[in-house]
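Undergrad: Mind folding the following:
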Amino acid sequence: MSGLLAAAALASSIVPVVDLPPEGDPCAAASDRSHGTENAKSARFTLDDQVRLVDIGRRDPRGASAEFAVSPDGSRVAVSLRSADPDTNRYCLRLVVVAMDGSGLQIQIDQGGEFIRDDFGLRDFSFVKAGYGRLNPPRWSPDGSRIAFLKRLGGSTQAWIVAADGKTAARQVSFLPDDVDSVAWAPGGNGLVVGTRPGIRRKAEAIAKEAPQGFLFDERFSPNLARRPIPTGDVATRYQLVSLANGHARPATSEELARLVPEPPVGVPARARAFVKGPDGYAAWIEPKVSDQLLSATRPIIARPDGSRIACDAKDCEGLHSLWWSADGKSVLGLQWTGWATSQTAIWRWDLAKDRPRRILVTDDMLIGCMPAGNEVLCAREGADRPRRLVAIDARSGSERVIFDPNPQLLGKTFGRVRRLHFTDPNGIEGFADLVLPPDHRPGEKHPLIVVQYRSDGFLRGGTGDEVPIHVLANRGFAVLSFARPYPKQPAAAAKSDDELVRSSRVDWLSRRVVQASLETAIDLAIESGAVDPDRMGISGFSDGSSTVQWALINSSLFKVATMGSCCEDLFSFAYAAGPRFGQLIRTPGYRFFETGSEEDWKPMSLILNVDRIRTPILIQAADSEYQSGLDVVTTYALRGRPMELFVLNGETHVKWQPAHRQAIYRRSVDWFEFWLMHTMDCDPGKEEQYRRWKTMAGAPPSEALACSTPAQVHDRAQFSASARSSRR
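TA: Model prediction:
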């Protein structure tokens, strides 16, 4: 046994800690599922199906970029795939090459490696690990014979290459002391241009030298993230050329650097983005209409070779977020968020010979990472009830053909029935939500409702943070309202900085009031559909959505049960758990802490100050890097005997990334809502302790009203009979 358990370093803990090494191959189960060997187990889309989905890029479609690339000759597309395996708590990572003709022909050219997590700057901190993956698109060599990509082994991310025909194994090319963040082929194909950030390592080494004397508790601390200072300040990227012949690295030339970081020409506005060079000296980009407004609407610009420019200021040209040139160089195409409350995605085309652009496709689906592919546009596409796949869209007619579906095992599965709701809230703000009903819903049936938030884009997984499985709940007899959070138009529209933006939404809790008004409008529409039982409604939330849960529980009586993926925005822990710098920053927009009169200001938002009014059972499943922010709330509710339970997930970030935790969060969320709203339990013997705790909570259903939720019982409408509902009252 000692060979299987490794003691953690004493420097990282003052209690005995062991790490269980992963066992098994995370790709073994993925291979079985890709061939449909488990497809017959259930006709319904299940929790296990959702956990093990094969992904192309990030889950969140609005934050995703292309993790696929077309070969130079246009005949093939390389695709990076990722699927979670909760049994090993790892990911199966694969690189495949697929025929562009839609024949389904595919070759796997690499497999394995560790999940490469992205990072970001937070406040003044240089580097904080994220729970989502780093962008890692395959990079074709100029001659189309090889593909470069990033691969992580042994805790180090480096550049690798592999033959595009899969006949020779992948090999590591770079051997640098720092992780490689990005890679591109050098001109000629004899080397790779890579980006690294040595400053992160150097800053961490400098902090380590302070340890023998103790660390000063200053603005470099964020206790919920780390027990030592975190490097602060900007960190520059170092670009080098790595030789394929011998692995030697040297500084990249300006021409080589342009392969990774193209420089826009002189005269392009500082806030311009999506710059693309066209043929014969043409160029295009997107810029804000009002240069000093943070949330300004945008417009596309086309620059001619003679230096003149043309702009489209029409409403139809707003919302573009990426551009590319057509194959013949005579048109600019773009990807656009548009429609009611920007709930739709469009492919937009501007022919240079015409005065006005047009849309060749508008859809409620999300289109991701679109790029030119001859006379077509290659995109990842996902809909509310269909996971992401690769499609080719005709660049003139908008007609579509499927190139590659990474989840063939889901063919024939039943998903919830989705209906999009459009509305205008009492503040005049456009809003939308997706009402998802059980696939076998019949007229006249009323289902318990779960609100999931705070975006509702693309395939409906589990809301922002992906913690409450929407189609799984629908398949178990719930109605689900996937609610898209609105944002106040005024005074935020005039904000010129992040501080102004936050301050404007903070006055009299404006942002929270706007969200609640919109949410109540969406719920009214769901109830008017006749499919929702207004006496059995629950709410879930993560990040900003957790704040929406807080406000809703305090300022309405709509919800009988709640879950939160992070907690809480309240009087004490929220301010100090994140460190001195955070405390200073949130005072700027008007938050008041530890001062006379602060309780009056917090009364509309504080779970602590409203503890005597709130009886709603609350389940919190928080990362170990965040749970401290809610300990004041958890402690207060425990002392008052309120029904609240906190789970702490180790080694996690804001967005949880570990497959085993994702599975556990899904299962516990489903169990929690079924217990409180359906009075059913998963009677697996391993869950006896869970239900023992829940049955002792204030307001829990009596034991005689509880039943085991076998698959047959879950879908038996007798579970929702009038007699059962009357026993709950």
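Undergrad: buried ones in the one helix or strand V128 maps to?
TA: Secondary structure assignment for V128, by DSSP states H and E: strand 125-133. Within strand 125-133, the residues that qualify as buried are 125-128, 130-133, counting by 16 or more other C-beta atoms under 10 Å. Just so you know, the C-beta spots here come from the backbone N, C-alpha and C atoms, and that holds for glycine as well.
Undergrad: what helices or strands is it leaning on?
TA: Helices and strands touching strand 125-133, by 3 or more C-beta pairs under 8 Å, 6 or more residues apart in numbering; DSSP states H and E, are strand 117-122, helix 198-208.
Undergrad: Check which element follows that strand along the chain.
TA: Taking DSSP H and E, what comes next after strand 125-133 is strand 139-140.
Undergrad: Which parts of the stretch 251-400 of the chain are helices?
TA: Shown for the stretch 251-400 of the chain, the helices assigned by DSSP state H, counting those that start in this stretch span residues 254-257.
Undergrad: and if you look at the stretch 501-650 of the chain?
TA: Applying DSSP H, counting those that start in this stretch to the stretch 501-650 of the chain gives helices spanning 510-528, 544-555, 573-576, 580-587, 598-602, 631-639.
Undergrad: Work out the gap between the fourth one and the centre of the chain.
TA: Average the C-alpha atoms of helix 580-587, do the same for its chain, and the two points are 26 Å apart (C-alpha atoms, centre = their mean, to the nearest Å).
Undergrad: now the angle from that helix to strand 117-122?
TA: Angle, helix 580-587 to strand 117-122, by axes from the mean of the first three to the mean of the last three C-alpha atoms, to 10 degrees: 60 degrees.
Undergrad: residues of helix 580-587 that come out buried?
TA: For helix 580-587, a neighbour-count test (16+ other C-beta under 10 Å) marks 580-583, 585-586 as buried.
Undergrad: ok, back up a step: rank the helices of the stretch 501-650 of the chain by pLDDT, which is bottom?
TA: Ranked by mean pLDDT, the helices of the stretch 501-650 of the chain bottom out at helix 580-587, with a mean of 85.
Undergrad: tell me the angle of that helix relative to strand 125-133?
TA: Interaxial angle, helix 580-587 versus strand 125-133 (the same axes, to 10 degrees): 80 degrees.
Undergrad: could you say what helices and strands helix 580-587 packs with?
TA: Where contact means 3+ C-beta pairs under 8 Å, 6+ apart, helix 580-587 is packed against helix 573-576.
Undergrad: Output the contacting helices and strands for the helix it packs on.
TA: Applying 3+ C-beta pairs under 8 Å, 6+ apart, we find helix 573-576 packed against helix 580-587, helix 631-639.
Undergrad: what angle separates the longest one from helix 544-555?
TA: For helix 631-639 against helix 544-555, the angle by the same axes, to 10 degrees is 40 degrees.
Undergrad: Run the chain-centre distance for helix 631-639.
TA: 29 Å.
Undergrad: swap in stretch 609-622?
TA: 26 Å.
Undergrad: Go through it and flag the buried ones.
TA: Buried, per 16+ other C-beta under 10 Å, within stretch 609-622: 609-611, 614, 616-622.
Undergrad: What's the end-to-end length of it?
TA: By C-alpha to C-alpha, to the nearest Å, the extent of stretch 609-622 from end to end equals 22 Å.
Undergrad: Kindly list the main-chain dihedrals of V402?
TA: Main-chain torsions, V402, degrees, to the nearest 10: phi -80, psi 130.
Undergrad: Not counting sequence-adjacent ones, nearest residue to it?
TA: The shortest distance from V402 to any non-neighbouring residue, by C-beta to C-beta, 6 or more residues apart in numbering, is to V391 (5.5 Å).
Undergrad: Check the burial of that neighbour by counting its neighbours.
TA: For V391, the count of nearby residues is 21 (other C-beta atoms under 10 Å).
Undergrad: what are the bridge partners for it, then?
TA: Beta-bridge partners for V391, by DSSP bridges, are C379, V402.
Undergrad: just to revisit the earlier point, closest to A184 out of the buried residues of strand 125-133?
TA: Nearest to A184 among these, counting by C-beta to C-beta, is G133 at 18.6 Å.
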